[in-house]
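In: Generate coordinates for the sequence data below:
(one chain, ligands or ions: 2)
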Amino acid sequence: MMHGQYGGIVPELASRAHERLLAPAVESVLRETGIKSTDIDGVAVTYGPGLAGALLVGVAFAKGMASSLSIPLIGVNHLEGHLWSFKLTETDSPLPFLSLIVSGGHTLLVKVNGFGDYVRLGGTRDDAAGELFDKVGRMLGFGFPAGAAMDSAACSFEGEPVVFPRVKLKDDPYGFSFSGLKTAVLYHLQKNYQRNEAGFIIPDQERSAICKGLMESVSDMLADRIAYAVKSNTYHAVVVSGGVSASRFIRQRISSIAKKHQIPMLVPPVHHCTDNGAMIANVGYEHFKRQKFDSLELPINPGLSLFTSPVAPVN
Ligand code: KG4
Ligand code: ZN
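Out: Ligands and ions are numbered 1, 2, ... in the order given. Model (predicted):
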């Protein structure tokens, strides 16, 4: 991926890649599924939250499809896509459920009473969990994004992990803060390893011990908030989604806490955890059934929230 060499997403490159890849991707989906464009009843598109350039490319393309095929346009919230992604493979939605969305941009706990009925319980004050992995991954010399590689390193390492703190917020039992962990890893590296122009020189085993320690801290913090939530309220399931929920390490930890509290845990298959079009189509279909369509004026909203709209829409 082009962003790898820059250690993160470069907005300009992301929107150009969207422009280049979107039409061929739609064409190949139609070809592979044998669906004709005239069979399409509506087009769902993410209008936020996300990078403005990439959202603009997607929304403009969807508007073009909607108008040329005379079908409804349906704007979907990216986070709502993650929240319901488990429905792509599960028939039941045991309401109310506790939703944990953990991705590169968000770490959010939500009480879900039904479709469109969401109560915010808490979230991160600084970095998202995936952002932490990507930033620490860069210090450790992993490519971008680093989460999956760090997860594999942690899962296959049988030795003792390096111990990092578990951060608790005094006045916010559902809140998270991950930026201190990033600093803790940096101090550990500065104290123990030499640097050259490529970064810290860390033996593979020790790098894996760091990954395991970090995964343990993050999973303990996530599991702690889930345990608090299920003790404070009645939920019929714990649903985890977002790119970080692809982590085998984290899935195991969260599933054991759910088991301990005798609550079913629902996590989508890995390919539905990271960003994907199916989860957007899935929420789009819920809007479609309710005849909730958008006009061709639909603006993008890079700061779109699941709850209200704190950031003014951008046209
Ligand atoms: O949901 P997502 O694909 O995009 C956003 O909406 O942010 O999440 C991407 C994040 C990245 O930070 C990436 O490092 C992390 O998910 N990620 C993982 C794994 N796969 C992706 N983190 C831990 N373990 C994984 N297996
Ligand atoms: Zn996402």
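
In: need the contact list for the closest residue to residue 194 other than its chain neighbours.
Out: Leaving aside its sequence neighbours, residue 194 sits nearest to residue 201 (C-beta to C-beta, 6 or more residues apart in numbering; 5.2 Å). Where C-beta positions appear, they are placed from N, C-alpha and C, glycine not excepted. Contact partners of residue 201, counting by C-beta atoms under 8 Å, 6 or more residues apart in numbering, are 193, 194, 195.

In: any idea how far the last one lies from residue 162?
Out: It stands for residue 195. Distance, residue 195 to residue 162, using C-beta to C-beta, to the nearest Å: 18 Å.

In: Look at the two and report which has more neighbours.
Out: When residue 195 and residue 162 are compared on other C-beta atoms under 10 Å, the one with more neighbours turns out to be residue 162, at 20 against 10.

In: doesn't residue 210 make contact with the more buried one?
Out: Yes: the pair residue 162 and residue 210 passes the contact test of C-beta atoms under 8 Å, sitting 5.1 Å apart.

In: Quickly list what's touching both of those two.
Out: Here residue 162 and residue 210 share the contacting residues residue 188, scored by C-beta under 8 Å, 6+ apart.

In: what's the straight distance from one end of stretch 146-162 to the other?
Out: The stretch stretch 146-162 measures 18 Å between its terminal residues, going by C-alpha to C-alpha, to the nearest Å.

In: how about the strands in the stretch 1-150 of the chain?
Out: Applying DSSP state E, counting those that start in this stretch to the stretch 1-150 of the chain gives strands spanning 43-48, 73-77, 97-102, 107-114, 117-123.

In: Using TSV, please lay out those strands together with distance to residue 284.
Out: Compiled in TSV, the strands of the stretch 1-150 of the chain are given as follows (distance: least, C-beta to C-beta, whole Å):
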stretch	distance to residue 284
strand 43-48	2
strand 73-77	4
strand 97-102	18
strand 107-114	18
strand 117-123	17
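
In: Select, out of those strands, the one closest to ligand 1.
Out: Ligand 1 lies closest, by C-beta to the nearest ligand atom, to one member of these: strand 97-102, at 7.7 Å.

In: List of residues touching the closest one?
Out: Taking contacts as C-beta under 8 Å, 6+ apart, the residues outside strand 97-102 that touch it are 79, 82-83, 107-112, 118, 121, 128-130, 222, 225-226, 229-230, 233, 235-245, 250, 254, 266.

In: contacts with ligand 1 among the residues you listed, please.
Out: When C-beta under 6 Å from any ligand atom is taken as the criterion, the members of the contacts of strand 97-102 that contact ligand 1 are 130, 242, 243, 244.

In: Distance check, the residue lying closest to the first one once chain neighbours are set aside against residue 127.
Out: The spatial neighbour of residue 130 that comes closest, neighbours along the chain excluded (C-beta to C-beta, 6+ apart), is residue 104 at 3.7 Å. Relative to residue 127, residue 104 is positioned 10 Å away (criterion: C-beta to C-beta).

In: Repeat that for residue 231.
Out: 27 Å.

In: got it, and residue 281?
Out: With distances taken as C-beta to C-beta, residue 281 is found 30 Å from residue 127.

In: Please identify which of those two sits among more neighbours.
Out: residue 127 (22 against 18).

In: Let me know how buried the closest residue to that one other than its chain neighbours is, in neighbour terms.
Out: With C-beta to C-beta, 6+ apart as the measure, residue 178 is the residue that lies nearest to residue 127, at 4.4 Å, once sequence neighbours are left out. The burial metric for residue 178, expressed as a neighbour count using other C-beta under 10 Å, is 24.
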